[in-house]
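S.K.: Pasting the sequence and the predicted coordinates here, then a few questions.
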Amino acid sequence: MLKGAIARRYAEAVFDLARKQGTLDRTLEDVKEIAQVLANRKLAFLLREPKIAARRKETAIRQALAEKVLPTSLNLTLLIVQRELVDLMPNIASELEQLVLDYRNEAIAEVTTAAPLSEIQQTSVKRALETRTGKTIIMQTHVDPSILGGIVARVGDQVIDGSIRYRLSALQQRLLNSVSTADIDFLSEELAKLDHLTADTEATQPTHPSQAQV
């Protein structure tokens, strides 16, 4: 069985149990914490070493986690160690997080802009993304001056690129291909809506040489 399928199977079992017990948030926090603990070099070496007795490994796990996580989360860890699947813990955490997001009809959006967004702009971008995806958006914002202006938003596997850098690249490619500017469609309607939200922010940025050339 592929590692991804194994990780999802464990995540689904943990999700179902946590949902029934009403501990989804706490369980997700536990599993993320466990993934970090198991990444510790010394502990990871001990757990992977076949010559070390299983009881010693169990003792090490209990000492590291017993007072930090729920009993069900501790049992998951012990099972993972017993079945020599320690390397899958980060995957299980990722799969569990996605299951929780889907259950709540939520999505994480990684939003990148050339300059920090104001609270008003963040709210506007969040609403636009929620309208587009039909999900409640959890925004994670990043600043990257290299995109020059506009917004790049990643929601799962979907990327909405409304950056000035992207538009310049698209225009240059069109010009190289000798395509009529009348046929150029830089952005979809959704991108245009997102783009105007950062107009005030872009106005404060210095004009990039490439923009003057275009």
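M.R.: Looks like it arrived, so ask away. Numbers count the residues shown, from 1 in each chain.

S.K.: So Thr72 sits against Leu24, correct?
M.R.: No: using Cβ atoms under 8 Å, Thr72 is not in contact with Leu24; the gap is 11.8 Å. C-beta here means a position set from N, CA and C on the backbone, and glycine is covered the same way.

S.K.: Need the residues touching each of the two.
M.R.: Ala18 (Cβ atoms under 8 Å, 6 or more residues apart in numbering).

S.K.: Looking at the two now, which is surrounded by more residues?
M.R.: A side-by-side neighbour count of Thr72 and Leu24, using other Cβ atoms under 10 Å, places Leu24 first with 19 against 15.

S.K.: residues contacting the more buried one?
M.R.: So Leu24 contacts Phe15, Ala18, Val100, Tyr103 (Cβ under 8 Å, 6+ apart).

S.K.: Tell me which residues of the longest helix that the chain contains come out buried.
M.R.: For the chain, the longest helix by residue count, based on DSSP state H, is helix 3-21. Residues Ile6, Ala7, Arg8, Tyr10, Ala11, Val14, Phe15, Leu17, Ala18 are the ones in helix 3-21 that count as buried (16 or more other Cβ atoms under 10 Å).

S.K.: on that earlier part again, of the contacts of Leu24, closest to Ser118?
M.R.: Val100 (29.8 Å; Cβ to Cβ).

S.K.: Near that closest one, how many other residues are there?
M.R.: Val100 has 18 nearby residues by other Cβ under 10 Å.

S.K.: Show residues contacting the strand or helix carrying it.
M.R.: Per DSSP states H and E, Val100 falls inside helix 89-103. Outside helix 89-103, the residues that touch it by Cβ under 8 Å, 6+ apart are 3-4, 7-8, 10-12, 14-15, 19, 24, 27-28, 31-32, 34-35, 38-39, 77, 80, 107-108, 138.
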